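Trainee: sharing a model prediction with you, sequence too.
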Amino acid sequence: MDKVEGIEGRAYPFGAKNVDTDVIIPASWLKTISREGLGEGAFETIRAQDGNVFDDPEYAGSPILIAGDNFGCGSSREHAAWALLDLGIKAVIAPSFSDIFSGNAFKNGILTVVLPQEQIDRLMKVAETDEINIDLETQTVTTPFQDRFTFDIDPFRKHCLMNGLDEIGLTLERDDAIAKHEKTREQAMGWLTRGTETDREIAA
């Protein structure tokens, strides 16, 4: 996945509370296993309403979503994270998140930022006219008006996001250790490999 260091741009001033994964991506879109194209179905029921923020040209392509409390509640569908990514959203700022959604977002390279409601309210106001900056290294959210809000993040998640490491990437980081273990095992228990080779020869 892509590295996440700084995210800057306009933000969707959404702000709704208790937005579940069925709202983020309706069940009718779950027939696919592809991550591409789901942005079209993201927030489908909300986008069916006139004047919704997601179809407002002023916010087109915004990399940040500002949401309300308990964002991503409901079912555990990973498609919700895929839909946000396909819509171009790289970070979500909210007072709180569903644990499962937060985990799915992290695994797909989406930064979830938890801030208190009063700071969310301020960012909602700024988002109506100006860009917002998120710096993962310093764990800060800033605006052109000298607002500076700090957020906490698990050190392991921060390391993975900043280095673009998904589960495969984490495994590959241990490539030398894995190779060393396999060599040691071959020396100590070579019969395991030899037995496998013999079985293959017999089968052939």
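Mentor: Looks like it came in fine. Bear in mind that the values here come from a model prediction, so they are computed numbers and not experimental data.

Trainee: just the helices in the chain please.
Mentor: 21-24, 44-47, 79-87, 99-107, 117-127, 155-163, 167-173, 175-188, 190-203 (DSSP state H).

Trainee: and stretch 155-163, what's buried?
Mentor: 157-158, 160-161 (16 or more other Cβ atoms under 10 Å). Just so you know, the C-beta spots here come from the backbone N, C-alpha and C atoms, and that holds for glycine as well.

Trainee: run the chain-centre distance for it.
Mentor: Here stretch 155-163 shows a centroid-to-chain-centroid distance of 12 Å under the convention Cα atoms, centre = their mean, to the nearest Å.

Trainee: can I get it as CSV, trimmed to CA atoms?
Mentor: Presented in CSV, the C-alpha positions along stretch 155-163 are these (Å, rounded to 0.1, in the frame of the first residue of the first chain):
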residue,chain,number,x,y,z
PRO,A,155,3.1,3.4,17.3
PHE,A,156,2.9,0.1,15.3
ARG,A,157,0.1,1.5,13.1
LYS,A,158,2.1,4.7,12.6
HIS,A,159,5.2,2.8,11.5
CYS,A,160,3.2,0.7,9.1
LEU,A,161,1.3,3.6,7.5
MET,A,162,4.4,5.8,7.2
ASN,A,163,6.3,3.0,5.5
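
Trainee: ok, and what's touching it?
Mentor: For stretch 155-163, the surrounding residues in contact (Cβ atoms under 8 Å, 6 or more residues apart in numbering) are 3-5, 106, 109, 111, 136-137, 139, 165-166, 169-170.

Trainee: again, only using 7 Å
Mentor: Under the contact criterion Cβ atoms under 7 Å, 6 or more residues apart in numbering, stretch 155-163 has outside partners 3-5, 106, 109, 111, 136-137, 170.

Trainee: inside strands: which ones of these?
Mentor: Filtering the contacts of stretch 155-163 for membership in strands, criterion DSSP state E, returns Leu111.

Trainee: tell me how many other residues crowd the residue lying closest to Arg148 once chain neighbours are set aside.
Mentor: Take Arg148 and drop its neighbours on the chain: the residue closest to it by Cβ to Cβ, 6 or more residues apart in numbering is Thr142, 5.1 Å away. Neighbour count of Thr142, defined by other Cβ atoms under 10 Å: 18.
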